[in-house]
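In: below are the sequence and a predicted model for it; my questions follow.
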Amino acid sequence: MWWLSALGGIGALVTGLLGPADALDVIERIAPVLVFLVAVTVIAGLADSAKVFDVAAREAAHLARGRLWRLWLLVVVLATALTIVLSLDTCAVLLTPVVLAMARQLDIPPKLFAFTTVWLAGTASMLLPVSNLTNLLALHQFDRLGLGLRDYVGLSWRPALAAILITVAVLAVLFRTDLRRTYEVPPTPDLDDKVLFWGSAAVCLALGPAFVTGIDVAWPAGVGALVLVALFAVRRRAELSWSLVPWRLVVTVVGLFLVVGALTAHGLEGLLSDIAGTQLSGLAAHLRLTGTAALGANAVDNLPAYLAMEPVASADGTRMMLLLIGVNCGCLLTLWGSLATLLWRDRCRAAGVHISWWSFLWRGLILTPLVLTGAVLAVSLG
């Protein structure tokens, strides 16, 4: 996908659909997001090498004491916390292979854990700005509206809680047979380097409080990445490589934003306004805006869908939150609905777990309307 995005971005510039000044504005706006994306991916990659996530998953297996439903609930907590603090990409990319490997070792159904990670990566990504790249982008508009971090959380906590609870309930119903199973408790894995493990764990834990201080999230993420790079340079230099930098993801994000910027400059905003509606209040109007955002995310990926629809929702904080619900929680119908979902499917393939587009779609058709309706009701009634 990255090369298609790159070609689209280059095409927008070469054809003149997006002028150099407008392109620079787009790059300037998403620069902090890109810094955060690179930094948090490096942190997560090095923490994975230090076995932070592996130990966390194994400890969950021990705490569950052989009962699959207890293990699943612990994975739910881990996936939710990881998404909220370190973003949906971290959950989808790094927790997925850990829980799938754990499922193989315990001889338990892998799809339960696969769908738990990818669904919660989307629906748990509402609470904090750092939980999703779309949230970080939305901070720009929230600032224009005179709304700070406290205002954002004040608007997000109700729909975030509703989305998480509905997701957990749907998973429990769909996989109720699997959840009755038991397993043998595995031994705790040995640590190659306790200094790297505890140092990486400390950085991951410190990011949560740092991200809610109101400081631009690129700073604590960047500092955390530099700390871990320095630690690995001393303890295990071989783990440091350019493959830690998600350059394909960066190219994809930049290309998508350039394409949508060009389309927005040539009438896309008016078309989306007609579809999403401009009415500011009422449950029907709220559902219409959120539903339009969700359809756009499933059609072209949630990042460009957010950028295209931001002008339509920029009137107040409530409409901005409704837009975020649509692009964050509503992108779970198609395998290309978000970058995290694409990366998640690659990890599933690498682990030998096949998820077809139809398997993903029919489950998403059950979850998505329920999550969107519940989250919109939480906003409207709040």
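Out: It's in.

In: OK, contacts around the residue nearest the centre of the chain?
Out: Most central in the chain under CA atoms, centre = their mean is L88, positioned 2.4 Å from the mean C-alpha point. L88 makes contact with A121, G122, A124, S125, S131, N132, S338, A340, according to CB atoms under 8 Å, 6 or more residues apart in numbering. (Each C-beta comes from the backbone N, C-alpha and C, glycine too.)

In: export those to CSV and append columns for neighbour count.
Out: Output for the contacts of L88, formatted as CSV (neighbours: other CB atoms under 10 Å):
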residue, neighbour count
A121, 31
G122, 32
A124, 27
S125, 33
S131, 27
N132, 30
S338, 30
A340, 27
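
In: among these, name the ones in helices.
Out: A121, G122, A340 (DSSP state H).

In: need phi/psi at R67.
Out: Backbone torsions for R67, taken as degrees, to the nearest 10, come to phi -100, psi 120.

In: flag the shaky bits of the chain, pLDDT-wise.
Out: Across the chain, the ranges flagged by pLDDT under 70 are 1, 188-189, 212, 268-269, 278-280.

In: V259 and I10 touch, don't they?
Out: No - the criterion here is CB atoms under 8 Å, and V259 misses it with I10 at 9.8 Å.

In: could I get the full set of strands for the stretch 51-200 of the chain?
Out: Read by DSSP state E, counting those that start in this stretch, the stretch 51-200 of the chain holds no strands at all.

In: ranges for the helices of it?
Out: 52-64, 68-86, 88-90, 96-106, 110-123, 133-144, 149-174, 194-211 (DSSP state H, counting those that start in this stretch).

In: looking at the ones you listed, which is closest to S359?
Out: With CB to CB as the criterion, S359 lies closest to helix 110-123 of these, at 8.1 Å.

In: would you mind writing the CA trace of the closest one as CSV?
Out: Output of helix 110-123 as CSV, limited to C-alpha atoms (Å, rounded to 0.1, in the frame of the first residue of the first chain):
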residue,chain,number,x,y,z
PRO,A,110,-6.0,-18.1,17.9
LYS,A,111,-8.9,-16.1,16.3
LEU,A,112,-10.3,-15.2,19.7
PHE,A,113,-7.1,-13.3,20.5
ALA,A,114,-6.6,-12.1,17.0
PHE,A,115,-9.9,-10.3,16.9
THR,A,116,-9.6,-9.1,20.5
THR,A,117,-6.4,-7.2,19.7
VAL,A,118,-7.5,-5.7,16.4
TRP,A,119,-11.0,-4.7,17.6
LEU,A,120,-9.8,-3.2,20.8
ALA,A,121,-7.0,-1.5,18.9
GLY,A,122,-9.8,0.4,17.1
THR,A,123,-12.5,0.8,19.7
